[in-house]
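Visitor: How does the following fold in three dimensions:
(2 chains, ligands or ions: 1)
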Amino acid sequence: MDEHLQKLEEKSIFILREAKAEFKNLAILWSTGKDSTASLWLCRKAFFGKIPFPVVHMDTSYKFPEMYQFRDGIAKKWNLNLIVAKNEDALKSGMSPKAGRFECCTQLKTDVLKKVIEQQKFDAVIVSIRRDEHGIRGKERYFSPRDKEFKWDYKDQPPEMWDLYSSISKEASHLRVHPILHWTELDTWMYVKQEGIPVNPLYFAKNGKRYRSLGCMPCTVPIKSNAKNIDEIVEELKTTKISERSGRAQDKEEAYMMQKLRALGYM
Amino acid sequence: MKIVVLGFDGASPKLIDKWINNLPTFKAFKEKGIFGYTIPPVPAQTPVAWTTFMTGKNPGNHGIFSFAMRKKGTYERRIATPKTLEAKTLFQILNESEKKVGVINVPMCGIQKVQGFIAPGFLSKNEGVFFPEEIREKIRLKFDVNKILGDLKTETLGRVKEDPDLFFEEVNHITDEMAEIALYLLQKEDWDLFMTVFMGTDRIQHFFWKYVDQTHSNYEKNKYSQLVRDFYIKMDKITESFLNSVDEDVITIVVSDHGFCPVEKEVVVNNYLEEIGLVKTKNGKIDLEQSKAVSYGYGDVWLNVKGREPFGLIKPGKQYEEVRKEIADKLMLTKINGQVPFKDIWKREDIYTGKYLSVAPDLLIIFKKGWQAARNPEIMEKNELKRYVKKNPMWSGGHDGTHDPVDVLGVICSLDLELEEKKEIRIPLKDLAPTILSLMDVAIPRDMEGEPFKLHFRKDRST
Ligand SMILES: [Zn+2]
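Guide: I've put the predicted structure just below:
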């Protein structure tokens, strides 16, 4: 086993076991994407093959059909205690990304998560965010948002805290556990390859394009790529031109900003 | 004391001097009030400069070192946005002291918790949208717009070479509209600090600098020289309207975050690093794992350090220092057609201090006037004569590629302030936030690095 990956894995398993020992009502969020699927894999390793807590999938019903197939296949194969959470009320009242990305994500994801946490009385939730997706310093901790004295601590959170998790943590009384915070995108792919973890086929290139992250269909943009399998993705991540490294926008806003900076001559 | 800060991004003291007889308000600043220079941070780029202004800190303590920085522990490049800002802003500090603010289109200023209102500026995904909603509603009812256009459309910017007239038409239109909305809020809303930044000066100068700067090697006088001057006349008029719209006990300060210098040629720093054996390539692309040092396109140089980058090659400590010295020594001797494009090479700890020093580029290359770093960091095809040099880049004026701050000074003026002692004003941007706080009688937070500049309120504007 690769030494670098082994260290990452050990740390993640340690965090997962600590979390299990610490909290009575633990759950893990699973988007079906590569990161949270890798986390499920780590859970299976940490707890000897069977994940001893519920796996929550937040379904906006705007996801790719491939995602549902993948989800149900894995749930069966790994014998998951799967909870599918949907905001039926908002969906019935016609909420869709047309109402604005922020509104849609708030109603369909944030509210759903809030509800499921309340209903199931989860005291901690495992979330598969990586530090390299966030700020230069990465403000998230492995266990957040409480500080060492177990007090709420939002003061040094980013000024625009509009992402899913921080907007909930303001009011909720649960903790978030981040077992793969120290991983990078490349780490995840190398680990997926080494362990033979199944991944959603949407990550692989079709007609010169592939998805780098899998969100709701209307809010996710594919990137230019010819990487047709995990090896090629790893190679692509290792050799991407510098100028493309921020051009592979993870969402529409970033893509828009890149385009503007290019037009201005700043990129 | 209430304060109005009127920002004109990149407004150049050189051009104000050149056209001073057409700019009565700025002439009055010179004759009756104060007229001096702001010293931008390194690099003198818009996001770095306004963040320095807003926080009263150097980049080492606010975390914004460039438009694009390398993500810690990766080889990825990421864009500076308000989300990546690591320090408290002037507006947040004022909020804690129960002061009201009105903030419109300040670059790198996103949504913040304030009493009053904010329309985020350049680099925020919420650019131009007023918060809270009541203000948005007021603006919609009065002006029939959902947001302000603080900047040119991407399509117009992308077509500036083919359609320069459309560019000028649009920049004039958005500037007039924003001035109108800002003046309305200035008069109707309650505030202790009101600040708005106009971007037009910067955008115009990047593309049209060679028509107004006689020291540019491709200087040419034509109708665009007039159009740039006309925009400065517009800036003068807007400033006058602001001065006329506030009470006598309000201090109005006009400020720019940096000035401009000519850009004639650009070089790809990575070509130089390849020449001295530090950049390695594979299939024509830079191999980030095998390269000891790379640039991401701004005169920034990042080393590949063991334990810090995923595939680090350089041992921290002695070897790290040796490689930095090697780069500095060798690059300063590399000539192109007999010329060295670099003015100096600085180590990060020589220009920055603070908790984010460890995420700054390891070295910063300072370019001579006329040169800049090519924005696309990819290695260029080697061409016998003009090795690595791209003539006539997209821009003819610049301020950040990376230039010495003294070559791109900004401007600061006011009719409502006077100096404690007579001297030329050269005020570092990071001193402005503490200066504003002290004029407003608000305690300066201890971690703010800048020093308040010794300025007094001047009661009578007319003398
Ligand atoms: Zn600027």
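Visitor: hey, what's the nearest residue in space to B:Asp404 that is not next to it in sequence bridged with?
Guide: In space, not counting the residues next to it along the chain, B:Asp404 is nearest to B:Ile366; the distance is 5.2 Å by CB to CB, 6 or more residues apart in numbering or on different chains. To be clear about C-beta, it is placed using only N, CA and C from the backbone, and glycine gets the same treatment. For B:Ile366, the beta-bridge assignment (DSSP bridges) gives partners B:Asp344.
Visitor: If I follow the layout properly, B:Ile366 ends up in contact with B:Lys347?
Guide: No. Applying CB atoms under 8 Å as the test, B:Ile366 and B:Lys347 come out as separate, 11.8 Å apart.
Visitor: And those two? Which one has more around it.
Guide: Looking at B:Ile366 and B:Lys347 with other CB atoms under 10 Å in any protein chain shown, you find the greater number of neighbours at B:Ile366, namely 19 against 16.
Visitor: And that one, how far from B:Val103?
Guide: 32 Å (CB to CB, to the nearest Å).
Visitor: before we move on, what about B:Arg159?
Guide: 31 Å.
Visitor: between these two, which one's more packed in?
Guide: Just comparing B:Arg159 and B:Val103: by other CB under 10 Å the higher neighbour count belongs to B:Val103, 27 against 14.
Visitor: which ones are touching that one?
Guide: B:91, B:109, B:114, B:116-119, B:193-196 (CB atoms under 8 Å, 6 or more residues apart in numbering or on different chains).
Visitor: Please produce TSV containing the residues you listed, extended by pLDDT and secondary structure.
Guide: As requested, the contacts of B:Val103 are arranged in TSV below (pLDDT from 0 to 100; DSSP: H, G, I helix; E, B strand; the rest coil):
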residue	pLDDT	secondary structure
B:Phe91	97	helix
B:Cys109	96	coil
B:Val114	91	coil
B:Gly116	95	strand
B:Phe117	96	strand
B:Ile118	96	strand
B:Ala119	96	strand
B:Leu193	98	strand
B:Phe194	98	strand
B:Met195	98	strand
B:Thr196	98	strand
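Visitor: Tell me the one among the residues you listed nearest to B:Ala374.
Guide: Here the nearest of those to B:Ala374, counting by CB to CB, is B:Cys109; it sits at 29.3 Å.
Visitor: just checking, that closest one touches B:Gly121?
Guide: Yes. With contact defined as CB under 8 Å, B:Cys109 counts as touching B:Gly121 (5.3 Å).
Visitor: Overlap of the contact sets of those two?
Guide: B:Trp50.
Visitor: just the buried members of the contacts of B:Val103?
Guide: B:91, B:109, B:114, B:116-119, B:193-196 (16 or more other CB atoms under 10 Å in any protein chain shown).
Visitor: Against B:Glu421, how distant is the spatially closest residue to B:Ser295 that is not a sequence neighbour?
Guide: Using CB to CB, 6+ apart and skipping residues adjacent in sequence, the residue nearest B:Ser295 is B:Val269, 3.7 Å away. Distance of B:Val269 to B:Glu421, computed by CB to CB: 43 Å.
Visitor: Look at those two and report which has more neighbours.
Guide: With neighbours defined as other CB under 10 Å, B:Val269 and B:Glu421 compare such that B:Val269 has more, 27 against 5.
Visitor: if I look at that one, how far off is B:Lys318?
Guide: For B:Val269, the distance to B:Lys318 equals 25 Å [CB to CB].
Visitor: Same question for B:Val268.
Guide: Taking CB to CB, one finds B:Val268 at 30 Å from B:Lys318.
Visitor: Tell me which of those two has more neighbours.
Guide: Residue environment comparison for B:Val268 versus B:Lys318 gives the larger neighbour count to B:Val268, 22 against 8, counting by other CB under 10 Å.
Visitor: got a pLDDT number for the closest residue to that one other than its chain neighbours?
Guide: For B:Val268, ignoring the flanking residues on the chain, the nearest one in space by CB to CB, 6+ apart is B:Ala374 at 4.6 Å. Listed pLDDT for B:Ala374 reads 84.
Visitor: Counting neighbours, what do you get for B:Ala374?
Guide: Neighbour count of B:Ala374, defined by other CB under 10 Å: 23.
Visitor: Direction included, what does the helix or strand where A:Ile83 lies pair against?
Guide: Counting by DSSP states H and E, the secondary-structure element that holds A:Ile83 is strand A:82-85. Within its sheet, strand A:82-85 is paired with strand A:55-58 (parallel), according to DSSP bridges.
Visitor: mind listing what B:His456 touches?
Guide: If you count contacts by CB under 8 Å, 6+ apart, then B:His456 has B:417-420 around it.
Visitor: how about it, secondary structure?
Guide: Three states are possible here, and by DSSP: H, G, I helix; E, B strand; the rest coil the one that applies to B:His456 is strand.
Visitor: Who is it paired with across the strands?
Guide: Residues found in beta-bridge contact with B:His456 (criterion: DSSP bridges) are B:Glu418.
Visitor: Strands of the stretch 101-250 of chain A, residue ranges please.
Guide: Per DSSP state E, counting those that start in this stretch, the stretch 101-250 of chain A has strands spanning A:124-126, A:143-144, A:175-177, A:209-210, A:223-224. These are given in chain order.
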